[in-house]
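1. Here is my input; please provide its structure:
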Amino acid sequence: MFELVKSGGWPMIPLLLLSAVGLAIIVERFWALRRKAVLPPGLGQEVRAWAARGKLDPVHIDSLRRNSPLGALLAAALDVRHRPREEIRERVEDVGRHVAHRMERFLNALGTIAGAGPLLGLFGTVVGMIQMFLGVMDHGVGDVNQLAGGIGKALVCAAAGMIVAVPALVFHRYFRARVDGYIVDMEHEAIQLMDVIDPRARRAAAAVAAFPADAQPTQA
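-> Numbers count the residues shown, from 1 in each chain. Just a heads-up that it's a prediction; the model follows:
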């Protein structure tokens with residue numbers, strides 16, 4: 001393997017650096033975007049129970065904010081729980097944008113690696129072809145070793161560029177999709193919490209629960 005990398009020449013150095021950075025980002029994002037770290041199981045239900053019982057002191061809210069991205073979103077709604085529902089929604093949307101930005105950390109760099117890998121591979125291919133033609137100019141077409149070295153460098157660099165780019169592109173799309181799914185789930189949890197802390201929603205739910213089912217009007 002080392003001989004194969006060595007045969008690619010100095011254009012392999014940036015490709016190896018990109019592969020190392022890409023691998024580090026993939027491992028870090030896998031750890032940071034674990035579901036239990038972003039959406040702790042049962043957290044939304046627990047916070048709704050707090051809100052229903054009125055146990056919302058600042059210490060609990062600050063602890064919730066530091067708990068997870070979902071906790072930060074729910075804490076933002078609780079900070080303005082006494083305001084109209086539209087203001088609560090605006091605060092949740094503002095905080096949600098910051099939370100989404102933090103979850104997308106390093107994904108732009110991973111996308112850049114996916115785009116730069118083939119270009120660096122193409123650059124190595126061009127360098128190999130230039131070396132090959134310079135060898136032809138100096139030694140003529142009879143030096144097969146010189147020709148083979150230039151062609152080999154071109155092929156190795158092209159292959160290395162694709163090897164770096166393909167996993168980076170796949171994981172970039174995968175993490176984007178995972179973040180989008182988390183955002184949808186967090187929005188759902190935030191809406192459920194707003195229904196609990198909104199006085200109008202609570203009164204409407206109580207009225208529906210108190211209205212006998214057999215007393216509802218029936219269609220003729």
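2. can you map out the helices along this structure?
-> Counting by DSSP state H, the chain has these helices, from start to end: 2-7, 12-32, 35-38, 43-53, 58-65, 69-79, 85-103, 107-139, 144-197, 199-210.
3. so where's the protein shaky on pLDDT?
-> The chain contains residues with pLDDT under 70 at 1-8, 135-150, 152, 199-220.
4. returning to that earlier point: pick the most deeply packed of the helices of the chain.
-> Greatest average neighbour count among the helices of the chain goes to helix 69-79 (a mean of 22), per mean count of other CB atoms under 10 Å. Where you see a C-beta, it was placed from the backbone N, CA and C, and this is true even at glycine.
5. what's that helix packed up against?
-> helix 43-53, helix 58-65, helix 85-103, helix 144-197 (3 or more CB pairs under 8 Å, 6 or more residues apart in numbering; DSSP states H and E).
6. Quick one: the ones you listed as CSV, columns for distance to Val27 too.
-> Shown next, in CSV, are the helices and strands packed on helix 69-79 (distance: least, CB to CB, whole Å):
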stretch, distance to Val27
helix 43-53, 26
helix 58-65, 27
helix 85-103, 16
helix 144-197, 10
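7. out of those, nearest to Leu78?
-> helix 58-65 (5.2 Å; CB to CB).
8. Look up the closest residue to Pro11, ignoring the ones flanking it.
-> The shortest distance from Pro11 to any non-neighbouring residue, by CB to CB, 6 or more residues apart in numbering, is to Gly124 (3.4 Å).
9. how much space between that neighbour and His101?
-> 35 Å (CB to CB, to the nearest Å).
10. Could you do His82 as well?
-> The gap separating His82 from His101 is 28 Å, by CB to CB.
11. Equivalent analysis for Ala75, please.
-> For Ala75 relative to His101 (CB to CB), the value is 17 Å.
12. what's the answer for Ile130, then?
-> Separation of Ile130 from His101 (CB to CB): 43 Å.
13. One more: Val27?
-> From Val27 across to His101, the span is 21 Å (CB to CB).
14. Ile113 too?
-> Ile113 is 20 Å from His101, by CB to CB.
15. Spit out the contact partners of Ala114.
-> Ala165, Val166, Ala168, Leu169, His172 (CB atoms under 8 Å, 6 or more residues apart in numbering).
16. Same question for Val92.
-> By CB under 8 Å, 6+ apart, the neighbours of Val92 are Leu73, Ala76, Ala77, Ala190, Met194.
17. Distance to Leu15 for these - can I get that in CSV?
-> Formatted as CSV, the contacts of Val92 follow (distance: CB to CB, whole Å):
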residue, distance to Leu15
Leu73, 40
Ala76, 43
Ala77, 47
Ala190, 43
Met194, 49
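18. measure Arg89 to Asp185 for me?
-> 17 Å.
19. meant to ask about Trp10, not that
-> Trp10 is 47 Å from Asp185, by CB to CB.
20. How about Asp198?
-> Noted for Asp198: a distance of 20 Å to Asp185, by CB to CB.
21. same question, Val21
-> Taken as CB to CB, the span from Val21 to Asp185 is 30 Å.
22. Quick check on Leu33: phi, psi?
-> Phi and psi for Leu33, reported as degrees, to the nearest 10, are phi -100, psi 30.
23. how much space between the closest residue to it other than its chain neighbours and Ala109?
-> Counting by CB to CB, 6+ apart, Arg178 is the residue found nearest to Leu33 once chain neighbours are left out, at 5.6 Å. Between Arg178 and Ala109 the distance is 17 Å, computed by CB to CB.
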